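Visitor: Output the structure for:
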Amino acid sequence: MYKKISKNGWKVLSSIFHYMWEYEFVPSELIAKRSGLPQEKVESILRKLAGEGVLTTKQLSYFGAAFTFFGLSLFSLKRLVSKGVISMIGNKMGEGKESMVYNAISDKYGEVIIKFHRVGYPSFKKVKEKRDYGSLHFTVLTVRSARNEFRVLKKLVGFVSVPKPYGWEGNAVVMELIDGKELFKVRLTNPEEVLDMIIEEVRIMCERKVVHGDLSQYNILVSSEGLWIIDFPQAIVLEEESEELSSLSFKELKNLANELLERDVKNILNYFERTYNIKRDPKEVLNYVKFF
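Guide: So this is what the prediction gives:
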């Protein structure tokens, strides 16, 4: 599909991306103005791309279009290629409710992964209730989710064992490929030691004013070389400027961070108690890791 999109097709997609922060369905008239193409031509391209699953169109008081997850991912990939971050894309490595991960090659960084965020579809209503995402179109929310993960990785890399972030465009984050397995898939011979390492990483994250927000045995990778913490779209950064990226006040962010940190700690302790019969007092661990 990437190869099939014409130069004018990319212009149209770029115009939709520009206006999608203001319109759930971007008017064809605005797309025509920004792309410099006749409106009739724009509407023909929109219908064609909708037929390919790249866009969804709607006749309101005007004819409008919005990205699908597939379309937004294509456009994000195009921007990463244009910026020289990605040279080749490979196979799909994994798929979850909120992301799709591919391996890729970067001339600059070597073997990497691209993670395409997707907040939405069936779970979108629940997501809006639970998270600070507002009432925007789901494609805008996926971009916010990807931006948040990239921002957090940049803040943590070099301090906490996380994948190195190499690039972000739209709903796509490019990062280091980690050769490890999820914690729940392995049987540890040194569980006490690994639990101590995880607690230490959480403590350093707190020192950096970051709370993961969804920490569990599913987003900790382990290998004989060590461990890595992954998946940060829900992370909270406790800095005053975080208010600019959120509809929550700093005080509300702090309350949410406390709540999520407690849940993260309990998740990890429960897993190690259930799997390895290691018991730790959640209050003691919380007091040790918390820096805010």
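
Visitor: count of residues packed around Val166?
Guide: Just so we're on the same page, residue 166 is Tyr rather than Val. Tyr166 has 21 neighbours, counted by other Cβ atoms under 10 Å. The C-beta positions use only the backbone N, C-alpha and C, and glycine is treated the same way.

Visitor: helix/strand/coil for it?
Guide: strand (DSSP: H, G, I helix; E, B strand; the rest coil).

Visitor: Distance-wise, check the residue nearest to it when sequence neighbours are not counted relative to Val85.
Guide: Distances taken as Cβ to Cβ, 6 or more residues apart in numbering place Val174 nearest to Tyr166, at 4.5 Å, with adjacent residues excluded. Plainly put, Val174 is 5 Å away from Val85 if you go by Cβ to Cβ, to the nearest Å.

Visitor: The residue nearest to Tyr166 - that's part of a helix, no?
Guide: No: read with three-state DSSP, Val174 is strand and lies in no helix.

Visitor: Tell me how many other residues crowd it.
Guide: If you count neighbours by other Cβ under 10 Å, Val174 ends up with 26.

Visitor: And Asp196, by the same measure?
Guide: 12.

Visitor: Report the buried residues of the longest helix along the chain.
Guide: When every helix of the chain is counted residue by residue (DSSP state H), the longest turns out to be helix 250-276. Using 16 or more other Cβ atoms under 10 Å as the test for burial, helix 250-276 gives 253-254, 256-258, 260-265, 268-269, 271-272.

Visitor: can you check stretch 32-46 too?
Guide: So stretch 32-46, judged by 16+ other Cβ under 10 Å, has buried residues 32, 34-35, 37, 39, 42-43, 45-46.

Visitor: which pair in the residues you listed spans the largest distance?
Guide: Using Cβ to Cβ, the buried residues of stretch 32-46 span at most 14.4 Å, a distance reached by Arg34 and Glu43.

Visitor: joint contacts of Val174 and Val85?
Guide: Taking Cβ atoms under 8 Å, 6 or more residues apart in numbering as the contact rule, Val174 and Val85 both touch 106, 109, 166-167.

Visitor: And the buried ones among those residues, selectable in PyMOL?
Guide: Selection of the buried residues among these in PyMOL, burial being defined by 16+ other Cβ under 10 Å:
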select buried, resi 106+109+166+167
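
Visitor: follow-up on the earlier one: helices and strands around the longest helix of the chain, which ones?
Guide: On a contact count with 3 or more Cβ pairs under 8 Å, 6 or more residues apart in numbering; DSSP states H and E, helix 250-276 meets helix 191-207, strand 210-211, strand 236-237, helix 282-289.

Visitor: thinking again about what came up before, may I have the beta-bridge partners of the residue nearest to Tyr166?
Guide: Beta-bridge partners recorded for Val174 (DSSP bridges): Ile114, Gly167.

Visitor: how many neighbours does Glu98 have?
Guide: 19.

Visitor: shouldn't it be in contact with Val119?
Guide: Yes: between Glu98 and Val119 there is a contact under Cβ atoms under 8 Å: 6.0 Å.

Visitor: Find the residues that touch each one of those two.
Guide: Going by Cβ under 8 Å, 6+ apart, residues that sit against Glu98 and also against Val119 are 145, 233.

Visitor: ok so, going back, so which of the helices and strands packed on helix 250-276 is the most packed in?
Guide: strand 210-211 (a mean of 28; mean count of other Cβ atoms under 10 Å).
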